[in-house]
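**Q** Would you be able to build a 3D model of this:
(2 chains)
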Amino acid sequence: MKVHDLIKNSPIRVFEESINGGLGKGNIGVLASRHGVGKTACLVHMATDTMLKGENVVQVSFGTNVEHTMSWYKEVFKEITDFKSTEDAVEVYEAIRNRRVMMNFSQENVTMEKVISSLKSLIQDGSFSASSIYFDGYKLVDTSEDDIKKLKMFSKEMNLEIWLSISSNDINASYDDYGIPIGVRTYFDLIDVVVGLHYNEEKSRVIMTVVKDHKKNIPHITGVSLDPKTMLITP
Amino acid sequence: MQDITKMRNIGISAHIDSGKTTLSERILYYCNRIHTIHEVHGKDGVGATMDSMELEKERGITIASAATSVNWNGFDINVIDTPGHVDFTVEVERSLRVLDGAILVLCSVGGVQSQSITVDRQMNRYHVPRIAFINKCDRTGANPYHVVEQMHEKLKLNACLVELPIGLEDKLEGVVDLIRMKALYFDGPNGNIVREEEIPSHMLDECKNRRQMLIEAVSDFSDELMEKVLEGEEPEVELIESAIRKGTLSLSFCPVFVGSAHKNKGIQPLLDGVCKYLPDPTEVENRALDLDDNEREVVLKSDPERPAVILAFKLEDGQYGQLTYIRVYEGRIKKGDELVNTRTKKKFRVGRLIKMHASEMEDIQEAECGDIAALFGIDCASGDTFCGGKVNFAMTSMYVPSPVISLAVFPKDKKSQDNMSKAINRFTKEDPTFQCYVDPESNQTIIKGMGELHLDVYVERMRREYKCDVTVGQPEVAYRETITQKSEFNFTHKKQTGGNGQFARVAGYIEPIFATPGSEQEVKDYEFVSEIKGGVIPTEFIPSCDKGFKNAMKKGPQLGFPIVGVKCVINDGAYHPVDSSDMAFQTAAIGAFKEAFAKADPAILEPIMKVEVECPTEFQGAVFGTINQRRGMIISSTEDNGNCVVESEVPLAEMFGYSTVLRSMTQGKAEYTMELCRYAKVPVSIASELKSKVKNNAD
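**A** Have a look, this model is predicted:
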């Protein structure tokens, strides 16, 4: 199987269909759920797909451990290529590695302005023309509206797709039926796509529900879900 | 007679500028080996005692490992100060080979840095049990707790604090011993007097918590301790200590000490820790190869009554002649004993036997198994094994990385030339990663090594120690050549006109050896497979084909660099009952390889370095820029507290002079480390540039 087919047959295509063909440049998308449902893997899967398409991505994380995220990328790539044997897996892996930069911040000390300025200097000084940015584990509940506006402006200015995976760091936070922390609703107007992830015991799958789709606010279940074993998006 | 259980051979290794040398200096001072303390970058101009080479004092880095013996509370401790710069890792590796345990020094501000990871990996390779010391707790931004977390995450060490600092940064007063639950203060102008007090009341709860964490962490290593913990009893100090020791020796636990070597805090408890938790020579299993028995692996026993087995791990050219650092693994040696160098089979007598204390020496009468000592005037190379009695062992070969950079050196006059060959002869014996050859085409002397600084230091040593006036050429990268697709060959070597004829035909294919994605396993450089059936090539000539391919791979046709990553398969051929010979098949294999190589879409590989730059965040953009300009690939960037660490992969060819650029651009506030990461294909445009350069040179 060629890279071309790998992209064509990716379950991400099904997911994109359910959000009107994709997020689109200059927009912000959010994946929300409780802790440990599979946001990171899902985000990495989306990023890997973008990299396979030949585009550059930046993965932004807010912890102390870059290696952790790197190993996710390795795992996800293995899973994708193990399913369908890719002829020149080594070369593909080498190539997509070049299309990814990890940026790591400890959020307590870093402001949104700083994050954006670092991203800008990477894209401009480092000549890394990214097409999309993936924020993993962003504490959206704790940020101000102003921060999201800045991020939105940044995505428009640089013509980027920005995906955030978010959950609440408050153990007692309440979530709605789709897996979205209640606090996030405040920012709904500023976000273009919101996808909730929650585990359905009956089906033993993680269901992905599109709660906001660009201008539409009607929840609908996507044609894909997460396999709880690999945490990958599957049809 | 020494008590071998009271002997410790330890090393101190860490990231550059973590304060290893300062720590070693303090250890010497507290063990009464030296009577005043000199700083590495000290104003008195004396320099630290361990950095005995003139150059080291000037640059503030430690180049060669100086072995020093000290005595602490009845324990004989041999300390090896290891170099911190990556260019000198072979020194680190060699010292680790002879050590039984190590202190991993970490900076409380910088935490686990790239080289700490390299050093830790090396320690794992040689199964060296270690204890950690978080140094520089007096520095602004010190956070030892964060460093312990990093040890878990980045080094995957089961690390746990056995001490807590009392105050941090400029308020660092002393440490709390969590096992005995006592506060320790270091009084006197140089912290010589250890004063024991009760724990300050505001720290008591924290200390109790941390002690609980420690006990839980080590209870896995002692059933007795586990029982006490489960029954809620207070375990005895000895019980906790023995559990820590057990965990440390099995490499499944790492006790962490804290302090500040510069401020003389926490060194004495660390020395106690060395004696308590690190192994004595009998507790470490060492292996050798029996040369009389087809290199069968044998386990050495630390028994002074057995025949002597000694490893020469370091050569140094002192003012009195060649000094050979040795470790005795088995048996004992005395002055006048006869030993055999098992590599050269030459016999020699032990002359002067000494113990080193940095640059001063002490004569000793004998050395026993486990001990580290030095011999005078022995002709050998480092890594040689000496044996006494009837045994014929070789200590297992040490891992030696291949050089990545080369440099042409030209002596100015005849005298310099003589001195240069003396110097090079010495250096190549001392350091296996430093190599030298004379290019037959240009007649230039080429030296090869692990990096710019590595070669710089040797050139500088030639000038200073051997008084030879040399100029150097541009550094050159050690490229490699490879193939990217399968290609077949069918080659006949025939010369049957007059005299002895030659005939051989080989057929088969060559193909690239690929790595599996994401696997850490190293790819083989060469593989030979014979699929010959029915004797179309007689069995005795199959090794000749192997030899021929190997020869052909020594020098690639594109740039003249070695060829790697090729699998050669032969599946057909022909021979002549009279005219076929070993030589004929070798020549045929060489011809076949050349034929197939051209068709196999050859490529050039270049060394890619893992470069880690640490700088204040305001220079982040500039650093990104420099990496980008150098065909580099940014892997990650981590920001914390106004500091950022940019990790990237950059071709070595682009890294020449990087330190100067970085320094001037960031006002000297950035530092970087670099080590070989992998080989990767050179982009087509640059490859053709290289090829035309080689062609021009040849013309």
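
**Q** helices and strands around the helix or strand of chain A with the lowest mean pLDDT, which ones?
**A** Every helix and strand in chain A was compared by mean pLDDT, DSSP states H and E; the lowest is strand A:220-226, with a mean of 75. Judged by 3 or more Cβ pairs under 8 Å, 6 or more residues apart in numbering or on different chains; DSSP states H and E, the packing partners of strand A:220-226 are helix A:11-17, strand A:205-213, strand A:233-234. C-beta here means a position set from N, CA and C on the backbone, and glycine is covered the same way.

**Q** can you list those in CSV and add mean pLDDT and mean neighbour count?
**A** As requested, the helices and strands packed on strand A:220-226 are exported to CSV (pLDDT from 0 to 100; neighbours: other Cβ atoms under 10 Å in any protein chain shown):
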stretch, mean pLDDT, mean neighbour count
helix A:11-17, 84, 17
strand A:205-213, 82, 21
strand A:233-234, 78, 20
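
**Q** Relative to residue A:5, which of the ones you listed is closest?
**A** With respect to residue A:5, and counting by Cβ to Cβ, the nearest of these is helix A:11-17 at 11.6 Å.

**Q** Quick one: residues in contact with that closest one.
**A** Here helix A:11-17 makes contact (Cβ atoms under 8 Å, 6 or more residues apart in numbering or on different chains) with A:22, A:45, A:46, A:49, A:208, A:222, A:223, A:224, A:232, A:233, A:234, A:235.

**Q** Stretch A:145-158 too?
**A** Outside of stretch A:145-158, the residues within contact range by Cβ under 8 Å, 6+ apart are A:25-28, A:111-113, A:116, A:119-120, A:123, A:133, A:140, A:160-162, A:186-187, A:190-191.

**Q** center of chain A - which residue?
**A** residue A:43 (3.4 Å; Cα atoms, centre = their mean).

**Q** Secondary structure class of it, three-state.
**A** Three-state assignment for residue A:43 (DSSP: H, G, I helix; E, B strand; the rest coil): helix.

**Q** what residues are up against it?
**A** Counted by Cβ under 8 Å, 6+ apart, residue A:43 has contacts A:31, A:59, A:134, A:136, A:163, A:165.

**Q** Same question for residue B:623.
**A** Residue B:623 is in contact with B:613, B:615, B:646, B:662, B:666, B:670, counting by Cβ under 8 Å, 6+ apart.

**Q** coming back round to it: by neighbour count, which of the contacts of helix A:11-17 wins?
**A** residue A:45 (27 neighbours; other Cβ atoms under 10 Å in any protein chain shown).

**Q** And for whatever residue of the stretch 251-400 of chain B ends up closest to chain A, the neighbour number?
**A** Per Cβ to the nearest Cβ, the residue of the stretch 251-400 of chain B with the smallest distance to chain A is residue B:256, at 17.5 Å. For residue B:256, the count of nearby residues is 22 (other Cβ under 10 Å).

**Q** just how off-centre is whatever helix or strand residue B:207 lives in within its chain?
**A** Secondary structure assignment for residue B:207, by DSSP states H and E: helix B:204-218. Taking Cα atoms, centre = their mean, to the nearest Å, the mean C-alpha location of helix B:204-218 is offset from the chain mean by 35 Å.

**Q** helix or strand right after that helix?
**A** Sequence order places helix B:223-230 as the next helix or strand after helix B:204-218, per DSSP H and E.

**Q** got the CA coordinates for the helix or strand that comes right after that next one in PDB?
**A** Going down the chain from helix B:223-230, the next helix or strand is helix B:237-249, by DSSP H and E. Provided in PDB are the C-alpha atoms of helix B:237-249 (Å, rounded to 0.1, in the frame of the first residue of the first chain):
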ATOM      1  CA  VAL B 237      18.300   2.600  60.200                       C
ATOM      2  CA  GLU B 238      20.500  -0.500  59.300                       C
ATOM      3  CA  LEU B 239      17.500  -2.200  57.700                       C
ATOM      4  CA  ILE B 240      16.700   0.800  55.500                       C
ATOM      5  CA  GLU B 241      20.300   1.200  54.500                       C
ATOM      6  CA  SER B 242      20.700  -2.500  53.600                       C
ATOM      7  CA  ALA B 243      17.600  -2.300  51.400                       C
ATOM      8  CA  ILE B 244      18.900   0.800  49.700                       C
ATOM      9  CA  ARG B 245      22.200  -1.000  49.100                       C
ATOM     10  CA  LYS B 246      20.500  -4.000  47.700                       C
ATOM     11  CA  GLY B 247      18.400  -1.900  45.300                       C
ATOM     12  CA  THR B 248      21.400   0.100  44.200                       C
ATOM     13  CA  LEU B 249      23.600  -2.900  43.500                       C
END
